[in-house]
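Engineer: Requesting a structural model of the entry that follows:
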Amino acid sequence: MTTSPVAFETLAMVNGRQIGVATLDSERSLNALTLAMVEALLPQLEQWAADEQVAMVILRGRGERAFCAGGDVRDLTQAARTGEGDPLAPAEFFAREYRLDYLIHQYAKPLLVWGTGVVMGGGIGLFAGACYRVVTETSRLAMPEIGIGLYPDVGGSYFLSRLSGRIGLFLGLGASQLNAADALYLGMATHAVASSQWQALLDDLQAIGSSELQNGIDAVLGNLALTELPEAQVEPRAEAIEALCAHDDLSALDVVWRTQELPDDAWLAKAIKTYRRGSPTSAALVWKQWHESKTMSLADVFRQEWIISTQCAFHADFPEGVRALLVDKDLSPRWQPATLAEVSVSFIAEHYALPEGMTHPLADL
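Structural biologist: The predicted structure follows:
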């Protein structure tokens, strides 16, 4: 008997309508996003969007530790690392994942994501486009792709480039973890609720009567608002972050971040150390995407990201980063090229070229 990787249920509301609830059901893997999960979610979300009985949708992860810790990158890079499996699997996965992320951004009904615990990488992709993005006191949000030879995809190029100042560039290069206070400050989350209030949230949403739905949802989330947020990390460091990223080109930033003495501030120092350990190619992609995505539409960003991500799977650093961090766990990736100075303009341009023999699967977005 095959068990679905996503559990679906509908909850009755007192007004006679229903709430659709989708639960990523892989608690052991911190609900890491797989192709099977994506393929289960896409048609169900589309069905609920078309069903007049369904008033709103909730997306959550099983357990308390994580909403979704990211995509299952070990499986994605298996063919490149071992020669076994389908080398085109990453292209298929990214195409379906980004289509799902885009659907969430454009969803026709109120969609609430319960972002408790770890919300990283592909989990951010599911979270960032929702109408209601709820964090808790345990939430830890990050885009840590520079450490595995990728870059902040899943729409990260779009929303990081639109954060205030240069904070999005800093987050892409340093992979800093954000808490609930940071997520609210940056607009990455819309509400904060205590993790212990999950059942109360469901009960109160089901009790919404005949009043206008959105007002009812807003009232429920307002009544359950977390009163004591974790200590803010980003806002008090805003000026320092801007100063760290105030460089006209990546080469200048690279020299400063690699040669300067680490700041006494442990949170900032961790970001710089993460950058130093990360893929130079990823850093170049982060820089380019942050600058160039500011004026692009969401659909165009996803189309471009599909090309870049597929190319990353065909190049060396993504499979090597996954090997070092998640497979062999030696934490000693051998990046190719090894330094930013060796990352040529033509090499980065390869990552923006539609893979030979492929047609774009997201051309219809």
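Engineer: Which is the succeeding secondary structure element to whichever strand or helix holds D300?
Structural biologist: Assigned by DSSP states H and E, D300 falls within helix 298-314. Downstream of helix 298-314, the next assigned helix or strand under DSSP H and E is helix 317-322.
Engineer: elements contacting that next one?
Structural biologist: Packed against helix 317-322, as judged by 3 or more C-beta pairs under 8 Å, 6 or more residues apart in numbering; DSSP states H and E, are the following elements: helix 73-76, helix 78-82, helix 280-292. Every residue, glycine included, has its C-beta placed from N, CA and C.
Engineer: Which one of the ones you listed lies nearest to V322?
Structural biologist: Closest of the helices and strands packed on helix 317-322 to V322 is helix 73-76, at 5.0 Å (criterion: C-beta to C-beta).
Engineer: Other residues contacting the closest one?
Structural biologist: Contacting residues not belonging to helix 73-76 are listed as 34, 85, 89-90, 93, 148, 150, 313, 318, 322, 326-327 [C-beta atoms under 8 Å, 6 or more residues apart in numbering].
Engineer: And these, which is the shakiest by pLDDT?
Structural biologist: Within the contacts of helix 73-76, the minimum per-residue pLDDT falls on G85 (86).
Engineer: And the strands in the stretch 151-300 of the chain?
Structural biologist: For the stretch 151-300 of the chain, the strands defined by DSSP state E, counting those that start in this stretch cover 191-192.
Engineer: Run through the helices of it in chain order.
Structural biologist: Counting by DSSP state H, counting those that start in this stretch, the stretch 151-300 of the chain has these helices, from start to end: 156-160, 167-174, 180-186, 198-206, 213-223, 238-244, 250-259, 266-277, 280-292, 298-314.
Engineer: Save the ones you listed as CSV, and put in distance to Q44 and mean neighbour count too.
Structural biologist: What follows is the helices of the stretch 151-300 of the chain, written out as CSV (distance: least, C-beta to C-beta, whole Å; neighbours: other C-beta atoms under 10 Å):
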stretch, distance to Q44, mean neighbour count
helix 156-160, 25, 26
helix 167-174, 31, 26
helix 180-186, 26, 22
helix 198-206, 18, 16
helix 213-223, 20, 16
helix 238-244, 39, 16
helix 250-259, 42, 16
helix 266-277, 36, 16
helix 280-292, 31, 23
helix 298-314, 21, 21
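Engineer: which one of the ones you listed lies closest to I348?
Structural biologist: helix 280-292 (5.3 Å).
Engineer: What helices and strands are in contact with that closest one?
Structural biologist: Looks like helix 280-292 contacts helix 156-160, helix 167-174, helix 250-259, helix 298-314, helix 317-322, helix 345-350 (3+ C-beta pairs under 8 Å, 6+ apart).
Engineer: who wins for proximity to Q336 among the helices of the stretch 151-300 of the chain?
Structural biologist: Set against Q336 and scored by C-beta to C-beta, those come closest in helix 280-292, at 8.1 Å.
Engineer: Contacts for the closest one next, please.
Structural biologist: In contact with helix 280-292 (C-beta under 8 Å, 6+ apart) are residues 145-146, 149-152, 156-157, 160-161, 168-169, 172-173, 250, 253-254, 275, 308, 312, 315, 317, 321, 335, 337-340, 342-343, 347-348, 351.
Engineer: can you do 6 Å?
Structural biologist: For helix 280-292, contacts defined as C-beta atoms under 6 Å, 6 or more residues apart in numbering pick out 146, 149, 151, 157, 161, 168-169, 172-173, 250, 317, 335, 339-340, 343, 348.
Engineer: So what's the gap between the helix holding D300 and the chain middle?
Structural biologist: Relative to its chain's centre, helix 298-314 lies at 14 Å (C-alpha atoms, centre = their mean, to the nearest Å).
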